[in-house]
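Engineer: 3D model of this:
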Amino acid sequence: MSKSGPEKAAERRLPPTRCRRFGVCLRAAFVLLAVWSNAGKAQTPSEYQVKAAFLYNFAKFIEWPPASFPSESAAFQICILGPDPFGNELQEITRNKTVNGRRFQISQVADLERARTCQILFVRSSEKTHLNQILDGLHGSSVLTVGDQKAFAERGGMINFLLEDDRVRFEVNQKAAEQAGLKLSSQLLSVAKRTKT
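Structural biologist: This is a model prediction of the structure:
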């Protein structure tokens, strides 16, 4: 069966992958994003639509310690520190979805005390002058820190988005993630770049 224009456009945004399962999950997310686009929007997913799809998939390919959730029924929290660049994209891609039986909750946070309750924290580049303070303040928690700024992973962030040839890729600071008690799947690591830390 031939693929529609939106599906083909979404697939062009996929990073090269050796892992079929991870690629299939991302492809499904991109197809959903293409369906959500209305006639007034471009058919190719935007940079932050792609990043939203990645954040959603990180939740499925990383294991958090049980103690990082306040209860067995607590939501899986994806938080944004700084101005929200996603619009409704994160809300849409996680709507009616669960991970390990937990519903998703998307929040914008303004302080480190609240950030420590999140499972994924996306740190905007607007916060780069405070990055050391942010990462130090999260020490001892099991928060996956994700950013899209230069040297984010080298400075202790766990996952950093990169733009290469107009495609969104990501690099991983595996040491920082493991120190926080997070277990990254081999599928995730197989499609990531590694930092030199």
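
Engineer: For the residue positioned nearest the centre of the chain, pull up the helix or strand it's in.
Structural biologist: What sits nearest the mean C-alpha location of the chain, by C-alpha atoms, centre = their mean, is Leu55, with 2.1 Å. Assigned by DSSP states H and E, Leu55 belongs to helix 47-61.

Engineer: tell me which strands and helices that helix is in contact with?
Structural biologist: With contacts taken as 3 or more C-beta pairs under 8 Å, 6 or more residues apart in numbering; DSSP states H and E, helix 47-61 sits against helix 20-36, strand 76-81, helix 89-94, strand 120-123, strand 144-147, strand 159-164, strand 167-172, helix 186-190. In short, each C-beta sits where N, CA and C put it, glycine included.

Engineer: switch the cut-off to 6 Å
Structural biologist: Packed against helix 47-61, as judged by 3 or more C-beta pairs under 6 Å, 6 or more residues apart in numbering; DSSP states H and E, are the following elements: helix 20-36, helix 89-94.

Engineer: Quickly, which of these bottoms out on average pLDDT?
Structural biologist: Lowest mean pLDDT within the helices and strands packed on helix 47-61: helix 20-36, a mean of 45.

Engineer: before we move on, the earlier item: so for the helix holding Leu55, what gets flagged as buried?
Structural biologist: Residues of helix 47-61 classed as buried by neighbour count (16 or more other C-beta atoms under 10 Å): 48-61.

Engineer: Apart from its chain neighbours, what residue comes closest to Asp148?
Structural biologist: Among residues not flanking Asp148 along the chain, Phe161 sits closest, at 4.0 Å (C-beta to C-beta, 6 or more residues apart in numbering).

Engineer: Hmm, that neighbour is touching Gln149, no?
Structural biologist: No. Contact criterion C-beta atoms under 6 Å: Phe161 and Gln149 do not qualify, at 8.9 Å.

Engineer: The helix or strand hosting Asn132 packs against which elements?
Structural biologist: Element membership for Asn132 (DSSP H and E) is helix 131-137. Here helix 131-137 touches no other helix or strand, going by 3+ C-beta pairs under 6 Å, 6+ apart.

Engineer: Quick one: distance of the lengthiest strand in the chain to the chain centre.
Structural biologist: As assigned by DSSP state E, the longest strand anywhere in the chain is strand 102-109. With C-alpha atoms, centre = their mean, to the nearest Å as the basis, strand 102-109 stands 13 Å off its chain's centre.

Engineer: ok, for Ala75, nearest residue in space, not its chain neighbours?
Structural biologist: Of all residues not flanking Ala75 in the chain, Gln105 sits nearest, at 3.9 Å (C-beta to C-beta, 6+ apart).

Engineer: nope, Leu81 is what I was after
Structural biologist: Using C-beta to C-beta, 6+ apart and skipping residues adjacent in sequence, the residue nearest Leu81 is Val123, 5.0 Å away.

Engineer: Perfect, I'm done here.
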